[in-house]
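Participant: Provided below for reference: sequence and predicted model.
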Amino acid sequence: SGKSRPMRILQYVQNTAVQGDANSVISAVDSYCANVEWAMNVGDKKGEILDAVVLDVRPRWVLELGTYCGYSTMRIARLLPPGARLITLEMNHHYAQVAKQILGHAGLDSQVDLLVGASSALIPQLKKKFDMDKFDLVFIDHWKTSYLPDTKLLEECDLLASGTVLLADNVTCPGAPEYLHYVRNSPRYKSLYFPSQLEYLRVEDGMEKSVFLG
Ligand SMILES: O=C(NC/C=C/[C@H]1O[C@@H](n2cnc3c(NCCO)ncnc32)[C@H](O)[C@@H]1O)c1cc(-c2ccc(F)cc2)cc(O)c1O
Ligand SMILES: [Mg+2]
């Protein structure tokens, strides 16, 4: 039942996770996707790397590119210090609607602003819309061919400060070769690879952490 995979994930969360308990919602998504049907969430293994980066950065302003079902949105939001904000961009209305309901079930919607639209159109509006200046952390997990153009757009919009951390999912599988070449060769980034595994599978993947040097 459930017309789409995100809808089936939402139904499973609503039927099994504890309302208001973000960790139980995260575990429910992971058990559904590990045992019933695979989905492109960052997952529990790479999710631990994401958690560690969020705790290390203690960000006031976070941007996520590609919400999908809101799994990584929850992982980030549950670890934010009070007063911090997570802005997540999702171009697919149906996915955004599902993510809103999953975030609501987890009780995390107060820390999160989910915007529906393409990152290329929304990124230039963020400073004015949120009266903010720079992001402290950007989690990149949308179309892999969009990683590089959107990183350049963030630079052009003056949304990166010296010390801003970019964390990119899937730099090995499916891969983001142009992005990797850019952050690993540009003098404006200090980049480091975190090896891991593709969500719910025994396949190599990893995340790239790149610090903008200004
Ligand atoms: O393709 C993957 N992710 C894409 C995410 C897309 C989500 O982000 C949204 N989105 C895309 N571009 C934009 C955009 N801007 C861009 C256009 O302006 N602006 C806003 N939202 C955007 C989509 O609507 C989706 O919600 C992936 C694949 C595998 C995979 C690995 C192995 C396999 F065999 C198969 C698959 C594993 C992973 O972890 C993966 O993340
Ligand atoms: Mg991914």
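Facilitator: Looks like it came in fine. Numbering: from 1, shown residues only. Ligands and ions are numbered 1, 2, ... in the order given.

Participant: and the closest residue to ligand 2 within the chain, how far from Asn35?
Facilitator: Of all residues in the chain, Asp169 sits closest to ligand 2, at 3.7 Å by CB to the ion. To be clear about C-beta, it is placed using only N, CA and C from the backbone, and glycine gets the same treatment. Noted for Asp169: a distance of 22 Å to Asn35, by CB to CB, to the nearest Å.

Participant: so between the two, which is more surrounded?
Facilitator: Neighbour totals were compared for Asp169 and Asn35, and Asp169 leads with 31 against 9 (other CB atoms under 10 Å).

Participant: count of neighbours near the residue of the chain found nearest ligand 1?
Facilitator: The chain approaches ligand 1 most closely through Gly66 (2.9 Å), counting by CB to the nearest ligand atom. The number of residues packed near Gly66 is 24, by other CB under 10 Å.

Participant: quick check: pLDDT value at it.
Facilitator: Per-residue pLDDT puts Gly66 at 99.

Participant: after the helix or strand containing Leu153, next one along is what?
Facilitator: Per DSSP states H and E: Leu153 is located in helix 147-156. Using DSSP H and E, the next helix or strand after helix 147-156 towards the C-terminus is strand 160-168.

Participant: tell me what angle that next one forms with helix 147-156.
Facilitator: 160 degrees (axes from the mean of the first three to the mean of the last three CA atoms, to 10 degrees).

Participant: partner strands of strand 160-168, with direction?
Facilitator: strand 135-140 (parallel), strand 204-212 (antiparallel) (DSSP bridges).

Participant: and the angle from the next helix or strand after it to helix 147-156?
Facilitator: Next along the chain after strand 160-168, taking DSSP H and E as the criterion, comes helix 177-185. With the same axes, to 10 degrees applied, the angle from helix 177-185 to helix 147-156 works out at 50 degrees.

Participant: need the contact partners of the helix or strand just after helix 177-185.
Facilitator: Once helix 177-185 ends, the next helix or strand along the chain (criterion: DSSP H and E) is strand 189-197. Here strand 189-197 makes contact (CB atoms under 8 Å, 6 or more residues apart in numbering) with 45-46, 49, 166, 171-172, 182-184, 203-213.

Participant: now look at the helix holding Leu153 and say if it contacts ligand 2.
Facilitator: No - judged by CB under 5 Å from the ion, helix 147-156 makes no contact with ligand 2; its nearest approach is 10.6 Å.

Participant: what residues sit buried inside that helix?
Facilitator: The neighbour-count check on helix 147-156 (16 or more other CB atoms under 10 Å) flags 147-148, 150-151, 154 as buried.

Participant: phi, psi for the residue of the chain closest to ligand 1 please.
Facilitator: phi 100, psi 90 (degrees, to the nearest 10).

Participant: against Tyr193, how distant is it?
Facilitator: Using CB to CB, Gly66 is found at 20 Å from Tyr193.

Participant: and what of Ala161?
Facilitator: The gap separating Ala161 from Tyr193 is 23 Å, by CB to CB.

Participant: what does this protein put close to ligand 1?
Facilitator: Taking CB under 6 Å from any ligand atom, the part of the chain that reaches ligand 1 is made up of 40, 66, 68, 89-92, 95, 118-120, 141-143, 146, 169-170, 173-174, 198-199.

Participant: residue contacts, the residue of the chain closest to ligand 1?
Facilitator: Contacts of Gly66 by CB under 8 Å, 6+ apart are 89-90, 140-143.
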